[in-house]
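Chemist: just a sequence and a predicted model for now, questions to come.
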There are 2 protein chains.
Amino acid sequence: MEKGQYTLGIDFGTNSVRALIVDADTGEEVGTFVHDYTRGRDGIVEKPGDPNFARQHPLEYIEGLEAAVRGAIEAASDHGDVAENIIGIGIDTTGSTPMPVDESGQPLSFSERFSDNPNALAWLWKDHTSFAEAAQFTEQAKREPTDYTTYCGGIYSSEWFFSKVLHLSRVDPEVFSAAASFVEHCDVMPALLVGDTNPRNVIRSRCAAGHKAMFNAKWGGLPAQEFFSRVDRNLDGIISKLYRDSYTADTKVGGLCREWAEKLGLKEGIAVAAGTFDAHAGAVGAGIRAGTLVKIMGTSSCDMMIVPAEALNVAIRGICGQVDGSIVPGYIGVEAGQSAVGDIYAWYRDNVRWPLENILPETSFGRNLTPEKVSALMRESKDTVYDVLSEKGEKLRPGQSGLLALDWHNGNRTILVDPNLSGLIVGLNLQTRPEEIFRALIEATAFGSRVIMDRISEYGVSINDIITCGGLAEKNPYLMQIYADVTGRPIKVSRSAQTCALGTAMFGAVASRHYAKVEEAQEKMGGLKDIVYQPNPEKKPIYDRLFALYKRLHDAFGTRDFAENHFSVMKELLEIKRQTTQG
Amino acid sequence: MEKGQYTLGIDFGTNSVRALIVDADTGEEVGTFVHDYTRGRDGIVEKPGDPNFARQHPLEYIEGLEAAVRGAIEAASDHGDVAENIIGIGIDTTGSTPMPVDESGQPLSFSERFSDNPNALAWLWKDHTSFAEAAQFTEQAKREPTDYTTYCGGIYSSEWFFSKVLHLSRVDPEVFSAAASFVEHCDVMPALLVGDTNPRNVIRSRCAAGHKAMFNAKWGGLPAQEFFSRVDRNLDGIISKLYRDSYTADTKVGGLCREWAEKLGLKEGIAVAAGTFDAHAGAVGAGIRAGTLVKIMGTSSCDMMIVPAEALNVAIRGICGQVDGSIVPGYIGVEAGQSAVGDIYAWYRDNVRWPLENILPETSFGRNLTPEKVSALMRESKDTVYDVLSEKGEKLRPGQSGLLALDWHNGNRTILVDPNLSGLIVGLNLQTRPEEIFRALIEATAFGSRVIMDRISEYGVSINDIITCGGLAEKNPYLMQIYADVTGRPIKVSRSAQTCALGTAMFGAVASRHYAKVEEAQEKMGGLKDIVYQPNPEKKPIYDRLFALYKRLHDAFGTRDFAENHFSVMKELLEIKRQTTQG
């Protein structure tokens, strides 16, 4: 029997790192291991009293890399000597998660001088301390002859690279000036593995550069130095510390160096691919292709497409970015998303569970409950609440509750790009029950998803079907069917439960030249589950009417231009309720 | 010691009748008794499958009258021979609750022919089977040279007298044609007590006639016969079966007849006052006077004022009615109200309790609960939920939740007069907790109340303070303080817990000439509790901003004319939240 060949995907998340060993020919996942970070709260270094603050120690990455890879090899041990047959490594991380480094590429947090300084750590993607700086970049971009934010949605975010660099320069000039460069987490790791972390040599990810650092071929790479200097003189000379080129994730950065080959128990010299971001690797692992939208559903959603470059030569308004090669080389990678999806369901679930902790112990029935029992009940009820709400909600017809909601509990990422929004629900009456509200919230997130699809479609990009992945997609047929019915498109579910690690393993396979192209790796290594959620054509007319009302409220509360009377909104919801209750 | 003199107030509610014996000089309540109705569900004869259907057997009234009065006398026994010293009787009932009667005034339901026919029963105020007929009256009124609905809000209701009469004529011509007249419950009772129920002689209540039957001196009493005939030829000749005059509740209908004196154990010949509706009697009992709005708060609210006739010669748009003498003789009685107040709180409470019944028994912790235990827990938790939500909610500053709600879960009675509306809540985020939503709902009902007061004030009627009564007012300081802060007016609470029966006892005292005027009876027999909820001036600016947003949504969703952009709404709620959280 021919010996198998494997690739290794390493997926650095917010709280843990996963290593996955995949058969390079069949996609079979032969071993995986998750290492949880150990510092701060679940790996996040926080600052009391500042909810915007989120840092991470780069040591987590180094320790985690070794633990996860060794764990995955161990887990694959019944497949024979897998480690010896690993031919390539791919890496994805969260982002934008930059860290200041010295001239050798060593994170400043490793130096004694800054060992206790949280500003020298990696600035985790969800660190929002730089919101003022983000606004400044957006403002200045609008004043420039070239709006450098054009291809990242027109609004620069506090989560992104330059906001964080500028904020660092202001709050900690010492760290800032000690930094020879600033490197994304996803670029640090491949450099480390090939044994050359010199920031001048580090291969920078196209995905990170394009989506988070305004890198675009239209203006020859990063924005002009003058732009940064006009934002703040602190940034004078910043470009010279950074990079001129960026690379797609199929690029071979180099061969695995001896030191790390030994640490990981892998063969020296095997291909290490350029880094990318988790969601984009996930899209590849899920099976993204032209005409298929990949939707990664978790606490929030990330909606991605790839479009042949010649088919998209204008900027789609309001999306999170469109970057050549950011997902699959040779295509424009389009990224959009919703600020809260699973988070909204969990919020409602937690309000439904709330009485078990806050009312029950106040009654004669629950007065003797120990705090431990209450905690156990709260834990157990997480799933029970979802189960009961789903079971009851499934019996409702679309429109029957008379409810309509806006899914802006955490703002709107696409297409409004506005954090200063909030959730809304209308159509409440004295008979409204929790399962109706829960269903309305699910429908709202599906309507939000439809708005994104409509926006992308307006630019001539057709969306034939949807592939979902993530925990919500796997566990909730109720949810998936509503999404299919609301969007009117078949919804498929990726076969793998760890599409990010799988996608990045595919990049490892291409970097090692096992495949010539990402598409080939997808073809051989990817796949879908058997189930397809087909839209029910009978439900379409009602959902179309509800969506029109959703869009009306969306435009009324979310844009500056829509000024109409809404007398008909409650009337039509009641009319729909009446018709669907009888129907 | 001088022997006391007493009056008897009899208050017929939806599910029971209360008799109250009151010291005519001091207002001391010396004996009371409540008799629950016995037929149907809590006294209401329902029709399976038709939630609009609500009838009541007139025998309830006769049986209940005797039981309640005898019970009250018994309860007053330690005050000496009270029964002998009762000098007058007043009666209030629900309404519009008309019943078909024969030529002697006997309810048709007492005849053998119709004994099993629910159409021959009293049509309870909340019977909504006549909604189509109501719409026809409204429509026709707009086509007439005189709009007969002018002084009852401009929209005729399915709950009102003529809607019910017309509906009866259509669904049961046999009962309709057997009816010599149609008499309101509040007019039947005094007639019965004085021993002359002949419909031609029955003293008809000004309150019932003016608020529910379009009776107004401006057009010489009831609307013209032609109006009714144009609505439906079924109503040809209807006016000849009805009445030309109507009377205020201080009118002495006659002396108590021997038969009923014996039945009740009272002296023959004592004064019996004309009937009125419960809410209006309650306003009198609570201490209504010019400049004071009386707010009866229960499942819904009834907001009442009295205005000197010369001070109000135009119709206030959107209120439930303005009728000369309907509350206190010599004043225009103004009635407005909110379709749901306590009902909204109870709805939310029930959704908060819902998991105790629907989630808890599905967990390992609650799996062994018997249905009886669950029921007991649900009963007990009613109060617990209110207590916990109030305790937590009291700690919130106005605006701190960032929430704003519309209180239209059961439509809007005043000033929009529109049942086809629904509840709305905006400002939700992933941290929103139940006590915040509950507080937003309370604030919404208070904003709704402020809209009513603003509307009345626009017509030059000033409102200096508010007297509340009803269960909510007595039990909820949290609620009362929010109302004071939102409306910017001191809120007082009536001393009596049974203002309807007390008010009607005052009418008994005036009918007996113990007092010359209702105001004198109020002065001697009424009173307030010591507590006054003073508006907190520090909270006013925030509530003013929130109210402006409430009014914006109110007009946007509730009227046809308001067409503006709402981009600022969520922004301002977030801004208020930010300021009040820091502040």
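Modeler: Right, received. Where do you want to start? None of the values given here were measured: they were computed from a predicted structure.
Chemist: every contact and neighbour count from this point should use C-alpha atoms.
Modeler: Will do.
Chemist: neighbours around the residue of the stretch 251-400 of chain A found nearest chain B, how many?
Modeler: As assessed by C-alpha to the nearest C-alpha, chain B sits closest to A:Trp347 within the stretch 251-400 of chain A, at 5.6 Å. Counted with other C-alpha atoms under 10 Å in any protein chain shown, the neighbours of A:Trp347 add up to 18.
Chemist: report the contact partners of it.
Modeler: B:430-431 (C-alpha atoms under 8 Å, 6 or more residues apart in numbering or on different chains).
Chemist: hang on, it in a strand?
Modeler: No - read with DSSP: H, G, I helix; E, B strand; the rest coil, A:Trp347 is helix and lies in no strand.
Chemist: now do the helices in the stretch 401-550 of chain A.
Modeler: Assigned by DSSP state H, counting those that start in this stretch, the helices in the stretch 401-550 of chain A fall at A:434-458, A:471-475, A:477-487, A:499-511, A:518-525, A:540-558.
Chemist: closest to chain B out of these?
Modeler: Nearest to chain B, of the helices of the stretch 401-550 of chain A and by C-alpha to the nearest C-alpha, is helix A:540-558 at 4.5 Å.
Chemist: buried sites along that closest one?
Modeler: Neighbour-count burial for helix A:540-558, counted by 16 or more other C-alpha atoms under 10 Å in any protein chain shown, picks out A:540, A:542-544, A:546-547, A:549-558.
Chemist: and whichever helix or strand comes after it, what does it pack against?
Modeler: Using DSSP states H and E, the helix or strand that follows helix A:540-558 in sequence is helix A:567-582. Taking 3 or more C-alpha pairs under 8 Å, 6 or more residues apart in numbering or on different chains; DSSP states H and E as contact, the helices and strands that helix A:567-582 lies on are strand A:423-428, helix A:540-558, helix B:540-558.
Chemist: include distance to A:Thr94 when you put the ones you listed into JSON lines, please.
Modeler: JSON lines is the format used below for the helices and strands packed on helix A:567-582 (distance: least, C-alpha to C-alpha, whole Å):
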{"stretch": "strand A:423-428", "distance to A:Thr94": "27"}
{"stretch": "helix A:540-558", "distance to A:Thr94": "29"}
{"stretch": "helix B:540-558", "distance to A:Thr94": "40"}
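Chemist: nearest to B:Ser246, of those?
Modeler: Of all these, helix B:540-558 sits nearest to B:Ser246, with 35.3 Å by C-alpha to C-alpha.
Chemist: farthest from the middle of chain A: give me that residue.
Modeler: A:Ser364 (45.9 Å; C-alpha atoms, centre = their mean).
Chemist: so that residue is in which element?
Modeler: Going by DSSP H and E, A:Ser364 is not in any helix or strand.
Chemist: any idea how far B:Ala376 is from it?
Modeler: Distance of A:Ser364 to B:Ala376, given as C-alpha to C-alpha, to the nearest Å: 10 Å.
Chemist: now swap in A:Asn476 and tell me
Modeler: A:Asn476 is 34 Å from B:Ala376, by C-alpha to C-alpha.
Chemist: where in chain A is pLDDT low?
Modeler: Applying pLDDT under 70 to chain A flags the ranges A:1-2, A:583.
Chemist: any idea which residue sits dead centre in it?
Modeler: Closest to where the C-alpha atoms of chain A average out (C-alpha atoms, centre = their mean) is A:Ala279, at 4.5 Å.
Chemist: now stretch A:499-507, how far from the centre of its chain.
Modeler: In this view, stretch A:499-507 has its centroid 14 Å away from the chain centroid, taken as C-alpha atoms, centre = their mean, to the nearest Å.
Chemist: make that stretch A:438-450, sorry
Modeler: That offset, for stretch A:438-450, works out to 19 Å (C-alpha atoms, centre = their mean).
Chemist: close to chain B, is that stretch?
Modeler: No - judged by C-alpha under 8 Å from any C-alpha of the partner chain, stretch A:438-450 stays clear of chain B, getting no closer than 11.7 Å.
Chemist: touching that stretch from outside, list them.
Modeler: Under C-alpha under 8 Å, 6+ apart, the answer for stretch A:438-450 is A:337-338, A:341, A:344-345, A:348, A:389-390, A:393, A:403-407, A:479, A:482-483, A:486-487, A:547, A:550.
Chemist: what's the helix or strand for A:Asp116?
Modeler: Using DSSP H and E, A:Asp116 sits within no helix or strand.
Chemist: look up phi and psi at it.
Modeler: phi -100, psi 10 (degrees, to the nearest 10).
Chemist: contacting residues around it?
Modeler: Taking C-alpha under 8 Å, 6+ apart as the criterion, A:Asp116 is in contact with A:Ser109.
Chemist: and if we set it to 10 Å?
Modeler: Counting by C-alpha atoms under 10 Å, 6 or more residues apart in numbering or on different chains, A:Asp116 makes contact with A:109-110.
Chemist: give me the neighbour count for the residue lying closest to A:Phe182 once chain neighbours are set aside.
Modeler: Spatial nearest neighbour of A:Phe182, excluding adjacent residues (C-alpha to C-alpha, 6 or more residues apart in numbering or on different chains): A:Pro100 at 4.5 Å. Neighbourhood size, A:Pro100 [other C-alpha under 10 Å]: 26.
Chemist: A:Trp219 too?
Modeler: As a burial measure, A:Trp219 scores 12 neighbours (other C-alpha under 10 Å).
Chemist: that one reaches A:Thr146, doesn't it?
Modeler: Yes - using C-alpha atoms under 10 Å, A:Trp219 makes contact with A:Thr146 at a distance of 8.3 Å.
Chemist: rewinding a little: for the residue nearest to A:Phe182, give me its contacts.
Modeler: Residues in contact with A:Pro100 (C-alpha under 10 Å, 6+ apart) are A:106-109, A:119-123, A:165, A:168, A:175-184.
Chemist: one step back: so for A:Gly325, which of the helices and strands packed on helix A:567-582 sits nearest?
Modeler: A:Gly325 lies closest to helix A:540-558 among those, at 31.5 Å (C-alpha to C-alpha).
Chemist: tell me the angle of the closest one relative to strand A:423-428?
Modeler: 130 degrees (axes from the mean of the first three to the mean of the last three C-alpha atoms, to 10 degrees).
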